[in-house]
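Undergrad: coordinates only, sequence not included:
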């Protein structure tokens, strides 16, 4: 059931006229979101971070580059053979290569950490895309409700003007006092003041929308989407809460922290290196080859390695608790938004089908009675004021309804165009 009945029709007429005047196509909420995703610099920054993380993952866990060794061993510095490269049998000109070999456990952990970092960067893209989409959609809804408020208040102006005219006529016939005419004029001035505020809110809402989509924000809005249609049932939305972008991002950070803890723990195992060198001696002596192996001694692990490992595990626990807190927050927020959406759907239907039509009919009947000289002037003033307040209340309900729909429609990256 589409409960947004008369409002799209009214706004459609307004948007169509504005579009013809401005030569612009009406802006749908989907088009606004797509434009924001296409141009958002923060999203481009996250995509660049993904490229960097994927590039780093290629070299993670690989052996370091080999080193070339060149030098002179055992060069005499005094005596008859001082500074000679050939007369002393121990002097050698040496060239060789050295390669370090980190332990396999650490290299494997480094690869896992790089992959986890790339996965975390990818979830950051998803989270940012959803934030941009949600913020843009909320800004679109704000423009919609602000412009609806302006239109609703402007539609009341003829009734207020008619009431002033009828009041002046009644005053001339001595049916009402001069204070009643002044009160009618005061009510009209109050309506104009609310219109000024509403127009300012339209300007502010357009400015916020322009933050996300630039000059396209000046286009007239198309009819709103069907707010009574959700991407899934309430039960399905609640059961898929673990797939929310923020929770997925926290999951990725937990895995990244676990990988960092594994890298730290791998420092308990020794690293080693090998060096192969060729030494050239004087013509009277044989040349030599040497092979040397070095191995680190990870001593004093209780004060060097264990504290680092403990710190990394503490970070893991912190992120896991943050994730649990975020899950509780999202669960409560989702329930609240579902309640707002359900209440908004029912209240919008009530206002559109009963409260607003009845208020308009009552005001029209009261004004007609005044024109016939049989109405109650003060009762008509109250009716006009009540209709105005109902229009403002409807706009607030529509905004809450739309914001709840946006929240529920942009819970996961699957609902956002890439």
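TA: The structure has been received and is ready for your questions. Remember, it's a predicted structure, so these values are computed and weren't measured experimentally.

Undergrad: So what pairs up with residue 92 in the strands?
TA: The partner list for residue 92 in beta bridges (DSSP bridges) reads residue 73.

Undergrad: so who does it touch?
TA: Counting by Cβ atoms under 8 Å, 6 or more residues apart in numbering, residue 92 touches 72-74, 279-281, 287-288. Where C-beta positions appear, they are placed from N, C-alpha and C, glycine not excepted.

Undergrad: From these, pick the one nearest residue 257.
TA: Set against residue 257, the nearest of the contacts of residue 92 by Cβ to Cβ is residue 73 (47.3 Å).

Undergrad: Go through the contacts of residue 92 and say which is closest to residue 313.
TA: Residue 313 has its nearest neighbour among these in residue 73, at 46.8 Å by Cβ to Cβ.

Undergrad: Help me confirm that that closest one comes into contact with residue 88.
TA: No. Using Cβ atoms under 8 Å, residue 73 is not in contact with residue 88, being 10.6 Å away.

Undergrad: okay, those two: which has more neighbours?
TA: residue 88 (18 against 14; other Cβ atoms under 10 Å).

Undergrad: Check which helix or strand that one maps to.
TA: Assessed by DSSP states H and E, residue 88 sits outside every helix and strand.

Undergrad: one step back: which of the contacts of residue 92 tops the neighbour count?
TA: Neighbour tally across the contacts of residue 92 (other Cβ under 10 Å): the maximum, 21 neighbours, falls on residue 279.

Undergrad: Now for it: which residues touch it?
TA: Residues near residue 279 by Cβ under 8 Å, 6+ apart: 73, 92-94, 287-290.

Undergrad: same thing but at 7 Å, please
TA: 73, 92-94, 287-288, 290 (Cβ atoms under 7 Å, 6 or more residues apart in numbering).

Undergrad: nearest to residue 203, of the contacts of residue 92?
TA: For those, the minimum distance to residue 203 (Cβ to Cβ) is 79.9 Å, reached by residue 72.

Undergrad: Skipping its backbone neighbours, what lies nearest that closest one in space?
TA: Leaving out its chain neighbours, the residue that sits closest to residue 72 by Cβ to Cβ, 6 or more residues apart in numbering is residue 93, at 5.7 Å.

Undergrad: ok, the residue nearest to residue 380 when sequence neighbours are not counted - how many residues close by?
TA: The shortest distance from residue 380 to any non-neighbouring residue, by Cβ to Cβ, 6+ apart, is to residue 366 (4.2 Å). Per other Cβ under 10 Å, the neighbour tally for residue 366 reads 21.

Undergrad: circling back: specify which member of the contacts of residue 92 is nearest to residue 194.
TA: residue 72 (92.4 Å).

Undergrad: quick one: stretch 220-240 to chain centroid distance?
TA: How far stretch 220-240 lies from its chain's middle: 18 Å, per Cα atoms, centre = their mean, to the nearest Å.

Undergrad: State the distance from residue 265 to residue 317.
TA: 15 Å (Cβ to Cβ, to the nearest Å).

Undergrad: actually residue 139, not the one I typed
TA: As defined by Cβ to Cβ, residue 139 lies at a distance of 38 Å from residue 317.

Undergrad: Could you do residue 290 as well?
TA: Separation of residue 290 from residue 317 (Cβ to Cβ) stands at 50 Å.

Undergrad: got it, and residue 120?
TA: Per Cβ to Cβ, residue 120 is found 18 Å from residue 317.

Undergrad: still on that earlier bit, okay, the contacts of residue 279 in JSON lines with distance to residue 391 and pLDDT next?
TA: Formatted as JSON lines, these follow (distance: Cβ to Cβ, whole Å; pLDDT from 0 to 100):
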{"residue": "73", "distance to residue 391": "95", "pLDDT": "91"}
{"residue": "92", "distance to residue 391": "98", "pLDDT": "92"}
{"residue": "93", "distance to residue 391": "96", "pLDDT": "93"}
{"residue": "94", "distance to residue 391": "92", "pLDDT": "93"}
{"residue": "287", "distance to residue 391": "100", "pLDDT": "93"}
{"residue": "288", "distance to residue 391": "99", "pLDDT": "92"}
{"residue": "290", "distance to residue 391": "93", "pLDDT": "93"}
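
Undergrad: Would you mind giving the residues you listed as CSV with distance to residue 128 added?
TA: Output for the contacts of residue 279, formatted as CSV (distance: Cβ to Cβ, whole Å):
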residue, distance to residue 128
73, 58
92, 61
93, 59
94, 55
287, 63
288, 61
290, 56
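
Undergrad: list the helices and strands the helix or strand residue 350 falls within packs on?
TA: Assigned by DSSP H and E, residue 350 belongs to helix 306-350. With contacts taken as 3 or more Cβ pairs under 7 Å, 6 or more residues apart in numbering; DSSP states H and E, helix 306-350 sits against helix 234-239, helix 245-266, helix 377-409.

Undergrad: of all those, which lies closest to residue 173?
TA: Proximity to residue 173 (Cβ to Cβ) singles out helix 377-409 among the helices and strands packed on helix 306-350, at 11.7 Å.

Undergrad: and the angle from the closest one to helix 306-350?
TA: 140 degrees (axes from the mean of the first three to the mean of the last three Cα atoms, to 10 degrees).

Undergrad: What are the buried residues along helix 377-409?
TA: 377, 380-381, 383-384, 387-388, 390-391, 394-395, 397-409 (16 or more other Cβ atoms under 10 Å).

Undergrad: pLDDT on that helix, on average?
TA: Mean pLDDT, helix 377-409: 92.

Undergrad: Check stretch 298-312 too.
TA: Stretch 298-312 comes out at a mean pLDDT of 89.

Undergrad: Which residues outside that stretch are in contact with it?
TA: Applying Cβ under 7 Å, 6+ apart, the contact partners of stretch 298-312 are 257, 260-261, 264-265, 267-270.

Undergrad: As CSV, those residues with neighbour count, distance to residue 353 and pLDDT would be great.
TA: Formatted as CSV, these follow (neighbours: other Cβ atoms under 10 Å; distance: Cβ to Cβ, whole Å; pLDDT from 0 to 100):
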residue, neighbour count, distance to residue 353, pLDDT
257, 22, 54, 95
260, 23, 59, 93
261, 21, 60, 94
264, 20, 65, 92
265, 18, 66, 92
267, 21, 70, 88
268, 15, 72, 89
269, 14, 74, 90
270, 13, 79, 91
